[in-house]
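**Student:** sequence below, structure please.
(one chain, ligands or ions: 2)
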Amino acid sequence: MALRGKVALVTGGAQGIGCAVVESLLKNEAKVSIVDLNQEVGEKCKKQLDEQFGVGNCSFIQCDVTDAAKLQEAFQSTVDQFGRLDIVINNAGINNEKNWEKTIEVNLTSVIKGTYLGLEHMSKEHGKQGGVVINVSSMAAFFHSPHQPVYTATKHGVIGFSRAMADASEHGDYGVRINTLCPAFVDTPLLHSVELEENMGKFVKFKDDFKHRMRKFGVLTPSLVAEGMMMMITDSRLNGAVMKITCSKGIHYHTYEPLSA
Ligand SMILES: NC(=O)C1=CN([C@@H]2O[C@H](COP(=O)(O)OP(=O)(O)OC[C@H]3O[C@@H](n4cnc5c(N)ncnc54)[C@H](O)[C@@H]3O)[C@@H](O)[C@H]2O)C=CC1
Ligand SMILES: CC/C=C\C[C@H](O)/C=C/C=C\C=C\C=C\C(=O)[C@@H](O)C/C=C\CCC(=O)O
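**Tutor:** Ligands and ions are numbered 1, 2, ... in the order given. Down below sits the predicted model:
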């Protein structure tokens, strides 16, 4: 998929992995709608990107992805402003084992809603031109840890939902590819939340083991994660793919045993 003239929507695009993905999309001449909860960081991010890539190539929409009406408005505003939608990156995520219900709302429920909204604006079943959805999971779905039980559950859910929706899209000829990205540890503000009791609750006592794993497995840069994201956006062969990005193996794909009785 050549990206000039394409329109992308990135949730959680104001910082961290999302911001790196937004920058990669703009470098490839896509138009980008940055959807994020954080007004201050989002506006600062847009200002910087306008200076780097020129005004009119990206927009910032302050939105809590757990607010269904606001999320729907964000998708519609994106289409109203740029005229179409081709790429949806459901990236927004939190790490909060204390308010674990919120973690499920952001990391899983909103990814499901963002996928369905993406289909409304991209699927051939709605008379649209097709597109691609990338949902962000984590290597936590392959390396469970005692520190993040609910976070881990949400990331498992993202993979299961995305793979099932990829099958539905193929069977229903939606024309929309749905893939999953599973980074290992990445150097962003989220990673530092493991130190905080307000995020980890009673599991904060396991933080030393978590930090040991970070030292053992290494910490990725957001730019490498964005590189993997761009591969899944542009490779039209990929639907239902689960990309893993680790320090030990770099960018690679998880392979599943063929279904058998
Ligand atoms: N940092 C890491 O080690 C890893 C992160 N991930 C996943 O990557 C994604 C991005 O994480 P990071 O960039 O590391 O985090 P981050 O905390 O640096 O950025 C997340 C962005 O999402 C936004 N956000 C949070 N809740 C929101 C909501 N309710 N509505 C709208 N926006 C909201 C935040 O304002 C922030 O700008 C998350 O889904 C995370 O689970 C996956 C594997 C590793
Ligand atoms: C608050 C923290 C937020 C997010 C952190 C992230 O979402 C959680 C990651 C959890 C586990 C990461 C495991 C990383 C494993 C590796 O990097 C691999 O190198 C381990 C060795 C072999 C991988 C084999 C394979 O690819 O299947």
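**Student:** do the longest strand along the chain and ligand 1 come into contact?
**Tutor:** When the chain is parsed with DSSP state E, its longest strand is strand 176-183. Yes: with C-beta under 6 Å from any ligand atom as the criterion, ligand 1 is reached by strand 176-183 at residue 183. From N, CA and C alone the C-beta is placed, and that goes for glycine too.
**Student:** can you list the strands that that strand pairs with?
**Tutor:** Take DSSP bridges as the rule and strand 176-183 pairs in its sheet with strand 131-136 (parallel), strand 242-246 (parallel).
**Student:** just say which of the ones you listed is most tucked in.
**Tutor:** Across these, the average number of neighbours (mean count of other C-beta atoms under 10 Å) peaks for strand 131-136, which reaches a mean of 26.
**Student:** output that strand as PDB, nothing but the C-alphas.
**Tutor:** Coordinates of each C-alpha in strand 131-136 appear next as PDB, following Å, rounded to 0.1, in the frame of the first residue of the first chain:
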ATOM      1  CA  GLY A 131      -8.200  -0.600   4.300                       C
ATOM      2  CA  VAL A 132      -6.100  -1.900   7.200                       C
ATOM      3  CA  VAL A 133      -6.500  -2.100  11.000                       C
ATOM      4  CA  ILE A 134      -3.500  -2.700  13.200                       C
ATOM      5  CA  ASN A 135      -4.300  -3.500  16.900                       C
ATOM      6  CA  VAL A 136      -1.600  -3.200  19.500                       C
END
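**Student:** chain center to that strand, what's the gap?
**Tutor:** Chain-centre distance of strand 131-136: 8 Å, with C-alpha atoms, centre = their mean, to the nearest Å.
**Student:** then stretch 40-55?
**Tutor:** Relative to the chain's own centre, stretch 40-55 is displaced by 20 Å; criterion: C-alpha atoms, centre = their mean.
**Student:** got the angle between the strand or helix carrying residue 150 and strand 176-183?
**Tutor:** Assessed by DSSP states H and E, residue 150 sits inside helix 149-172. For helix 149-172 against strand 176-183, the angle by axes from the mean of the first three to the mean of the last three C-alpha atoms, to 10 degrees is 150 degrees.
**Student:** is helix 149-172 in proximity to ligand 1?
**Tutor:** No: Helix 149-172 stays clear of ligand 1 (C-beta under 6 Å from any ligand atom), getting no nearer than 6.8 Å.
**Student:** enumerate the residues of the stretch 51-200 of the chain near ligand 2.
**Tutor:** For the stretch 51-200 of the chain, the residues in contact with ligand 2 (C-beta under 6 Å from any ligand atom) are 95, 138-140, 142-143, 184-185, 190-191, 193-194.
**Student:** could the strands paired with strand 176-183 be laid out in TSV, adding mean pLDDT and distance to residue 5?
**Tutor:** Below are those laid out as TSV (pLDDT from 0 to 100; distance: least, C-beta to C-beta, whole Å):
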stretch	mean pLDDT	distance to residue 5
strand 131-136	98	13
strand 242-246	98	25
